[in-house]
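> Okay, here's the prediction I keep looking at, along with the sequence it came from:
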Amino acid sequence: MTTTSEQNPTATERYDEAAIEADASVPAIHIRRDFRATPKQLFRAHTDRDVFARWMGPKELRNEITEWDARDGGSWRYTARHDDFEGSFRGCFHTVREDRIVQTFTWEGMPDSVSLETMTFEDLGDGRTRLHAVSLCDSFEARDQWLASGMEVGVNEGYAELDRLLADDEV
C-alpha cells in the first residue's frame, strides 16, 4: 500500500503487511512492518549475509552476496537474478547497532541515485518488533520513481519470507 502520510503512527496500529508511505515534506519513503520477533532477530536478518540473501525479495530472485561487512564503515553488494533479469545493489554501512542501521543504497542500474536508509527496530513489548525504514532519496522525482517501480511486491514478498524464517527459528 502506498500513501502519503504526515502523521506518526500510534502505538496501537499494527503493520502485518508493509505500509509504504511517501513523506509529504521531504523526498523520503517510510516503510513500517511488524514482525513476531525480537529486535535482535530483525537485526540479524539485516546484518547476517546468509540470512539476508534468503529473504530479500521478490521471492523468485536468487541473491548472491559478493561483498558484506556489516559494521560501522563497512560495505555491501549483492546481485539478484531471475531468468533474464540481473541487477546489482550496493551501499555502505554507516551505523550498525542492534536497534538501528544506517546505510546507503544504490541500484547499479542508476548509479547516480543514492538513498540514505535508516532502519530502527522497536520492541513493541508483546513478542513483536516494529521495523521502521526511512529511505531519503536525492529528489522527489527519484522517490516517485521508486514508488512507481512496483517495489511493494519485493518488500512484501521478502518480508513474508522473513516471517517464514522467523517462524521456523532460522533467524
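Thanks, I have the structure now. Bear in mind that the values here come from a model prediction, so they are computed numbers and not experimental data.
> Which neighbouring elements make contact with the lengthiest helix in the chain?
Longest among the helix segments of the chain by residue count, using DSSP state H, is helix 151-167. Packed against helix 151-167, as judged by 3 or more CB pairs under 8 Å, 6 or more residues apart in numbering; DSSP states H and E, are the following elements: strand 19-23, strand 28-35, helix 39-47, helix 49-55. C-betas here are computed from N, CA, C, even on glycine.
> residues touching the residue nearest the centre of the chain, list them.
To find the centre residue of the chain, average its C-alpha atoms and take the closest one (CA atoms, centre = their mean): that gives residue 133, at 6.3 Å. Going by CB atoms under 8 Å, 6 or more residues apart in numbering, residue 133 touches 30, 31, 32, 117, 118, 119.
> Taking those residues together, which two end up most distant?
32 and 117 (13.8 Å; CB to CB).
> ok so, going back, tell me which of the helices and strands packed on helix 151-167 approaches residue 100 most closely.
Proximity to residue 100 (CB to CB) singles out helix 39-47 among the helices and strands packed on helix 151-167, at 9.0 Å.
> need the helices and strands packed on helix 151-167 in JSON lines with mean neighbour count, can you?
Shown next, in JSON lines, are these (neighbours: other CB atoms under 10 Å):
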{"stretch": "strand 19-23", "mean neighbour count": "20"}
{"stretch": "strand 28-35", "mean neighbour count": "20"}
{"stretch": "helix 39-47", "mean neighbour count": "20"}
{"stretch": "helix 49-55", "mean neighbour count": "17"}
